[in-house]
Structures are given as structure tokens and as C-alpha cells.
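Participant: just a sequence and a predicted model for now, questions to come.
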Amino acid sequence: MNRRALPRLALTAGEPAGIGPELLVRLAATSLAANFIAITDRQLLERAAARCGLAVQLDEDDGSDVHHRPAGVLRVRHIPLGNAEVPGHPDPHNAQHVLATLSEAADGALCGRYAAIATAPLQKSSINDAGIPFSGHTEFFAERSHTNVVMMLASPELRVALATTHLPLHAVSAAINADSLERTLRIVHKELSTKFGYAQPRIAVLGLNPHAGEGGHIGREEIDVIVPVMNRLRAEGMALLGPLPADTAFVPAQRARYDAVLAMYHDQALPVLKSEAFDRTVNITLGLPFIRTSVDHGTALDLAGTGKADPSSLIAATRMAMDLVLRRSP
Ligand SMILES: NC(=O)C1=CN([C@@H]2O[C@H](COP(=O)(O)OP(=O)(O)OC[C@H]3O[C@@H](n4cnc5c(N)ncnc54)[C@H](O)[C@@H]3O)[C@@H](O)[C@H]2O)C=CC1
Ligand SMILES: NCC(=O)COP(=O)(O)O
């Protein structure tokens, strides 16, 4: 019998003191048909499994093919912690460990060692507290692969891409210029078509200001930047709607008119998604030369160590990564 090898899916555990390690062992306990390779510290996973009351078999990753993964089996690429974790209390001495896991995942995906990456949440502030400039996985993977990317969060009902990601609010307006907006819309348009199967994706673009600027009376970014870029791309045939006022863009009548939304900043649209589908939303980085998905939530330090964290978003992220791998495969 000539069965295909299961796709090699890299999993990073994120912040050692957060819920990430527990989510990885809960994912391993499912029967999802993937060869999961956890890139993290082996003992960290053993302690997480004990906290969850789960028996998990941790095998060193030797790179060999796997045709069937029994539930509870997880391969590991061991990257040692700096200090043993204290759940709920991130330790900046582990920042280099966290970054080493991301580097291994990115470099491995770039050279084909992994078919895709799914990431558990990390604590950005702990990496910053170690004196390392860092704003998120999205920016890290973009830099590592020398590409322009777009963060998109997707539930089964709604997809929201972001024109800017992890910026202080006062810096958002200056970061939205004609070049960056056009580049972002091109990436979103292309990937909705290549990865999500929309032949002619309909993208709603949000305004930056209340009431999308109210004809220039509450801000001029729509008139000076957003509309000219949209008109240029419409002339090429892109189906763009807006700029829509963000406060009404998500009412049912509007939602029927688009396949995805481009929001101008992180908190303009993510609360809509997270309030209606916190357990079903996946974060996906568009524009990378490899597939990377992630959870929609953070490190939940209040729950870390209790074994009670809900793995649904990581499971959804893993399923999406596997679907994208299968869609890409000949
Ligand atoms: N992909 C990533 O690496 C992300 C990392 N973060 C990081 O997480 C840190 C904490 O973020 P917060 O804003 O506090 O949001 P959070 O998502 O960690 O927590 C918000 C609330 O949701 C609950 N929650 C989160 N995930 C859960 C799960 N899987 N099961 C059950 N309950 C869950 C928490 O217990 C808390 O009550 C941030 O400082 C940020 O650095 C945040 C978002 C994404
Ligand atoms: N709210 C989404 C988020 O912050 C995810 O960031 P990243 O670490 O995946 O770039």
C-alpha cells in the first residue's frame, strides 16, 4: 500500500509561562491527521501534560515520514528553556528560547522541512523586557523571509485583514500611505484568490476616521490616501467596497456585500471577530513564502498552569494550515 506521508506541521509553544504548552499537548491528544513537530523544550511539554492530566508520548523528531499518528503522540525538536517556567509569570530570560523556536520554525518552513507552521501565543512584552525589539510573530516572520505580509484573522463567517498591526494608535495615520495601502490590498486580493478560492474577491475597505471622515470634516485620510488607492485598483478590476464607516461595516446588510474586510488598525475590527467567534477564529499571515497560522487569543496568564485553557482556536488554526497544505499539494 502506497500511503502518503502526513504533512509535517511545526508547532511553536510561544510563551513558556502562558497557556501555549498546554494547548500543544491538548492538540496532540486529538486524532488530527498531521505529523506534529513541537519546537520547544521537551520537559516543558512533559510538565504541561502533567498539569492537563494527559498522557502524551514525546518522540524526538528524526525527520522520517509518518503515515499514521496515534492520538497522544507528538514529535519534538528540543530547544532548551533558559529557566524553568513559572505558569502565569513570564521570565525575560526565556526570550531567546522563544525567538529560537520561531527561527527554527521559519527556517525549517523556508527550506521545506516543515509543510506549515501553527503558533501558540507568546508574550510580546516579556521579549521586550529582555531588551529585544519585537512586535509579533507576523513582523518576525516577514523580516526572516524578507517579504511584505498582511495579518488576517478569519472565522468561518468573517475575514478581517489589517492595514497596520502592532503600532501605538498615534502612529497609525502616518503608517497608512498610498504605497503601503496598495501593497496590502494587492496581497489580500491575491491570497483570497490563491489560498481561499475566491475568483474575484470582494473586499470592503474601512475608513480610518469616524464616519469614514464625514466628507473631510472629521479627517482627510480617506480623501487623500484611501480613495485614490481604491480607485486605482478598481480601474485594474478589483472589487472594492467603501471606504465604509467602521461602526456600521459589520451589520448584516453590509456583510452580505463582501468576502473580507480591510481594517486600518488592530482594534478597529478584531473586537468584532473575537466577540462573536473567539474559539473559532484563526490568525493567518498572508504574503509569506510559507503557510503560517495561529490562535486568535493571547497567553491567558490568568489560566496558565490550570490545564483549563480551551484549545479550540489552536485546533482551528491547525486545521486551516492542513487545508492550505493539501490545497497546495499536487
Ligand atoms: N499570537 C500571539 O502570540 C498573541 C499574543 N498575545 C499576547 O498575549 C498577551 C495577553 O493578551 P490579553 O490581551 O490579556 O488576551 P488573552 O487572549 O491572553 O486573554 C483575554 C481573556 O481571554 C481568556 N482566554 C484567552 N485564551 C483563552 C483560551 N484558549 N481558553 C480560555 N480562555 C482564554 C483569558 O483567560 C482572558 O480572560 C499580550 O500581552 C500579547 O503579548 C495576544 C494576542 C495574540
Ligand atoms: N491580535 C493578534 C495578534 O496580536 C497576533 O500577533 P502575532 O504574534 O501573530 O503577530
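Facilitator: Nice, thanks for sending it over. All values reported here derive from a predicted model rather than from experimental measurement. Ligands and ions are numbered 1, 2, ... in the order given.
Participant: and residue 322, how far from residue 14?
Facilitator: Using Cβ to Cβ, to the nearest Å, we find residue 322 at a distance of 20 Å from residue 14. Where C-beta positions appear, they are placed from N, C-alpha and C, glycine not excepted.
Participant: which one of those two has more residues nearby?
Facilitator: residue 14 (26 against 21; other Cβ atoms under 10 Å).
Participant: so who does the residue in the chain positioned nearest to ligand 1 touch?
Facilitator: Residue of the chain nearest ligand 1, by Cβ to the nearest ligand atom: residue 298 (2.3 Å). Residue 298 makes contact with 18, 121, 123, according to Cβ atoms under 8 Å, 6 or more residues apart in numbering.
Participant: just the pLDDT for it.
Facilitator: The score at residue 298 is 97. That number is its pLDDT.
Participant: ok, now the one 10 residues further on?
Facilitator: Model confidence at residue 308, given as pLDDT, is 95.
Participant: same thing with the one 10 residues further on?
Facilitator: For residue 318, the pLDDT comes out at 98.
Participant: count of residues packed around the residue lying closest to it once chain neighbours are set aside?
Facilitator: The shortest distance from residue 318 to any non-neighbouring residue, by Cβ to Cβ, 6 or more residues apart in numbering, is to residue 118 (5.0 Å). For residue 118, the count of nearby residues is 32 (other Cβ under 10 Å).
Participant: how about the one 3 residues further on?
Facilitator: A count of neighbours around residue 121, defined by other Cβ under 10 Å, yields 24.
Participant: please apply the same query to residue 238.
Facilitator: That count, for residue 238 with other Cβ under 10 Å as the rule, works out to 17.
Participant: residue contacts, the residue lying closest to it once chain neighbours are set aside?
Facilitator: Closest residue to residue 238 apart from its sequence neighbours, by Cβ to Cβ, 6+ apart: residue 189 at 5.6 Å. By Cβ under 8 Å, 6+ apart, the contact set of residue 189 is 201, 203, 233, 238.
Participant: repeat that for residue 244.
Facilitator: Shown in contact with residue 244 (Cβ under 8 Å, 6+ apart): 204-207, 212, 254.
Participant: low-scoring stretches of the chain, by residue?
Facilitator: Low-confidence segments of the chain, defined by pLDDT under 70: 1-2, 329-330.
Participant: do that again at 50, thanks
Facilitator: Scanning the chain with the threshold set as pLDDT under 50 gives 1-2.
Participant: let me see the ranges of the helices in it.
Facilitator: Applying DSSP state H to the chain gives helices spanning 20-28, 42-52, 95-110, 124-129, 137-145, 172-175, 178-194, 221, 227-235, 252-255, 266-277, 312-328.
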